[in-house]
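Chemist: A structural model of the following input is requested.
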Amino acid sequence: MPGFKTYIGRFLVWRARNIPDNYFVILLSILIGFIAGIAAYALKSSVYYIESLLTADFHIQSQNYLYVLYPTIGIIITVIFIQYIVKDFGQSGIPRILYVIAKMDGKMRFHKTYSSIIGSSLTAGFGGSIGLESPIISTGASVGSNLAQLLRLNYSKTTLLIGCGAAGAMASIFTTPVAAVIFSLEVLMLDLTTSSIISLLMASATGAITTKLLLAENILIHFKVTEPFVTGDVPFYIVLGIICGLVSLYFNKMYQFIRSRMARITNTFAKAAAGGIILGMLIFLFPSLYGEGYDNIMMIISGQSEDILKFSFLYEYRENIWIFFLAMLVIMLLKVIATTLTTEAGGIGGIFAPSAVMGGLTGFVFARGVNDLGLFKPLHESNFTLVGMAGVLGGVLSAPLTAIFLIAEMTNGYELIVPLMVVTAISFLTIKAFDPHSIFTKSLAETGDLITHQKDRTVLTLLDVEKLIDTDV
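Modeler: So this is what the prediction gives:
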């Protein structure tokens, strides 16, 4: 009986004779997008059901002490799974994808196709304050990489399929296909050609459609613009842009600071316990730090912002404007701390959702503060919340276009496109004045491994000198 490799070899011979390379890559991109959509469905559903199971009996007006324990339990289970079952001791997420593209010819390990989903489900379901975008993007990229390895594709097609996996995954988790394509081009720095654009579009559209068909509407992330953009608010949006840039800088600096402190703890389980307990205490005080945090933005948009304090000791003071304002400010500042504690303790997750939620709270706190002063005409708090999401997200990721189109698509329209552009551009310029690298690329830049963003260096690094030497003299 012929082996599996024999069948693959026969298929490759048939494919080379009958299907041109460009069309073959497009077919693969559709397949990758479909798999990414299935993966996103599995991830979102598992997190939703784990969280619902653990918190079903919690009461809105009382404190729930299980919040202190849940994050530690989730992180320890995740650490056991990753280090003792999967046996992966390296970094994960988008920095790992950039490193694989730069240094490992685009070859990702097979377990990345499922381990990130399981790890992030346990982490977020038990309360880890992380985003699900980075794990699912890692999953999609791994699907593309392993498929390319199986079919013996060259480096350029392998990196393109990694980008297709990332785009399909991001489109699946947000149902934002345009933003997903821009992300692959802006963050992964893929080459912009007609063939690559078509492949990215097909993967992204397929992923978004698959998730839309499978996921329940209440699990999908969508916001609705309830107020029109007012031209007279532009000066306030300019100020918000500067504030978002400074908040982005705070996010990056606090992230690096906590990472450096957690790195001093060498014992894996001691680190998991320390980070988990501190995180649990923060969530006990402010339960809105539990999980991704998009539900906080939904409450603000729907006019129920006071519900952000439910399950906390401050819930009975929600009508006091000063206590409520200070509580929102504290939650905003604590979000990055909770996120970094989660990931550095051993949890699996990303910073997309935390930075976006932190930005939304920034916009809300700013608008609410201006409105409480009563010196100007009232600002539309929901609009400033949505625009603030893009401002901090674009600043933290150093990906302004991704942030602009992500929020535009999440709101099902371009009503806020002008303030989104203004705030995100100013935020990006503000943080760049202090830090030239994004949170994804900083560690790679410090070690000299960031070549995806430097095309000349990429060419020189990937060049095999031995193949250029003429030995037939």
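Chemist: ok, Tyr48 - contacts?
Modeler: Ile219 (C-beta atoms under 8 Å, 6 or more residues apart in numbering). The way it works is simple: take the backbone N, C-alpha and C, and place the C-beta from them, glycine included.
Chemist: Check which helix or strand it maps to.
Modeler: Per DSSP states H and E: Tyr48 is located in helix 21-55.
Chemist: Could you name the helices and strands sitting against the next helix-or-strand element following that helix?
Modeler: Later in the chain than helix 21-55, the nearest helix or strand by DSSP H and E is helix 66-80. Applying 3 or more C-beta pairs under 8 Å, 6 or more residues apart in numbering; DSSP states H and E, we find helix 66-80 packed against helix 115-125, helix 268-285, helix 321-345.
Chemist: quick one: whichever helix or strand comes after helix 66-80 to chain centroid distance?
Modeler: Using DSSP H and E, the helix or strand that follows helix 66-80 in sequence is helix 94-103. For helix 94-103, the separation from the chain centroid amounts to 16 Å (computed by C-alpha atoms, centre = their mean, to the nearest Å).
Chemist: what's the angle from helix 94-103 to helix 115-125?
Modeler: Using axes from the mean of the first three to the mean of the last three C-alpha atoms, to 10 degrees, the direction of helix 94-103 lies 160 degrees away from that of helix 115-125.
Chemist: in the stretch 301-450 of the chain, what spans have low per-residue confidence?
Modeler: Residue ranges of the stretch 301-450 of the chain with pLDDT under 70: 440-450.
Chemist: so where do the strands sit in it?
Modeler: Counting by DSSP state E, counting those that start in this stretch, one finds no strands in the stretch 301-450 of the chain.
Chemist: Can you show me the helices along it?
Modeler: Ranges of helices in the stretch 301-450 of the chain, per DSSP state H, counting those that start in this stretch, are 321-345, 352-373, 381-397, 400-410, 417-432, 442-447.
Chemist: who wins for proximity to Arg109 among those?
Modeler: Nearest to Arg109 among the helices of the stretch 301-450 of the chain is helix 442-447 (18.6 Å), distances taken as C-beta to C-beta.
Chemist: Tell me which of the helices and strands packed on helix 66-80 sits nearest to Leu185.
Modeler: helix 115-125 (22.4 Å).
Chemist: residues contacting the spatially closest residue to Leu66 that is not a sequence neighbour?
Modeler: Spatial nearest neighbour of Leu66, excluding adjacent residues (C-beta to C-beta, 6 or more residues apart in numbering): Leu54 at 7.4 Å. Residues in contact with Leu54, defined by C-beta under 8 Å, 6+ apart, are Leu66, Tyr70, Gly125, Phe126, Gly127.
Chemist: follow-up on the earlier one: please identify the most buried of the helices and strands packed on helix 66-80.
Modeler: Compared across the helices and strands packed on helix 66-80, helix 115-125 shows the largest average neighbour count, a mean of 26 (mean count of other C-beta atoms under 10 Å).
Chemist: helix or strand right after that helix?
Modeler: Past helix 115-125, the next helix or strand by DSSP H and E is helix 133-150.
Chemist: what's the average pLDDT for that following helix?
Modeler: Averaging pLDDT along helix 133-150 gives 90.
Chemist: Sort out which residues of it are buried, please.
Modeler: Residues of helix 133-150 classed as buried by neighbour count (16 or more other C-beta atoms under 10 Å): 133-149.
Chemist: hang on, Leu386 packs against Ile300?
Modeler: No. Look at Leu386 against Ile300 with C-beta atoms under 8 Å: they stay out of range, at 9.1 Å.
Chemist: Excluding chain neighbours, what is closest to the spatially most central residue of the chain?
Modeler: Centroid-nearest residue in the chain: Phe352, 3.1 Å away (criterion: C-alpha atoms, centre = their mean). Once flanking residues are discounted, Phe352 sits nearest to Glu133: 3.7 Å by C-beta to C-beta, 6+ apart.
Chemist: Check Thr339 too.
Modeler: Distance criterion C-beta to C-beta, 6+ apart; nearest residue to Thr339, sequence neighbours excluded, is Pro354 at 4.1 Å.
Chemist: Tell me how many other residues crowd the one you found.
Modeler: 29 (other C-beta atoms under 10 Å).
Chemist: now swap in Ser195 and tell me
Modeler: 15.
Chemist: In which helix or strand does it reside?
Modeler: Assigned by DSSP H and E, Ser195 belongs to helix 194-214.
Chemist: hmm, who's touching that helix?
Modeler: Outside helix 194-214, the residues that reach it (C-beta under 8 Å, 6+ apart) are 22, 25-26, 28-30, 32-34, 36-38, 40-41, 44, 140, 160-161, 163-165, 167-173, 175-178, 180-181, 184-185, 190, 220.
Chemist: Same question for the helix or strand just after that helix: list its buried residues.
Modeler: The helix or strand immediately downstream of helix 194-214 is helix 234-262, counting by DSSP H and E. Judged by neighbour count (16+ other C-beta under 10 Å), helix 234-262 contains these buried residues: 236-237, 240-241, 243-252, 254-255, 258, 262.
Chemist: for the stretch 151-300 of the chain, which spans come out with low pLDDT?
Modeler: 189-192, 217-218.
Chemist: burial count for the closest residue to Asp307 other than its chain neighbours?
Modeler: Distances taken as C-beta to C-beta, 6+ apart put Met299 closest to Asp307, at 4.9 Å, once the chain neighbours are dropped. Using other C-beta under 10 Å, the number of residues around Met299 comes to 18.
Chemist: centre of the chain versus the one helix or strand Met299 maps to, how much separation?
Modeler: Taking DSSP H and E as the definition, Met299 sits inside helix 294-301. Its chain's average C-alpha position is 18 Å from that of helix 294-301, according to C-alpha atoms, centre = their mean.
Chemist: quick one: the nearest residue to Thr340 once chain neighbours are set aside and Tyr250, what's the gap?
Modeler: Leaving aside its sequence neighbours, Thr340 sits nearest to Ile258 (C-beta to C-beta, 6+ apart; 4.1 Å). According to C-beta to C-beta, to the nearest Å, Ile258 and Tyr250 sit 12 Å apart.
Chemist: which phi and psi does Lys377 have?
Modeler: Lys377 adopts backbone torsions of phi -70, psi 150, taken as degrees, to the nearest 10.
Chemist: Now do the same contact list for it.
Modeler: Neighbours of Lys377 in contact, by C-beta under 8 Å, 6+ apart: Gly232.
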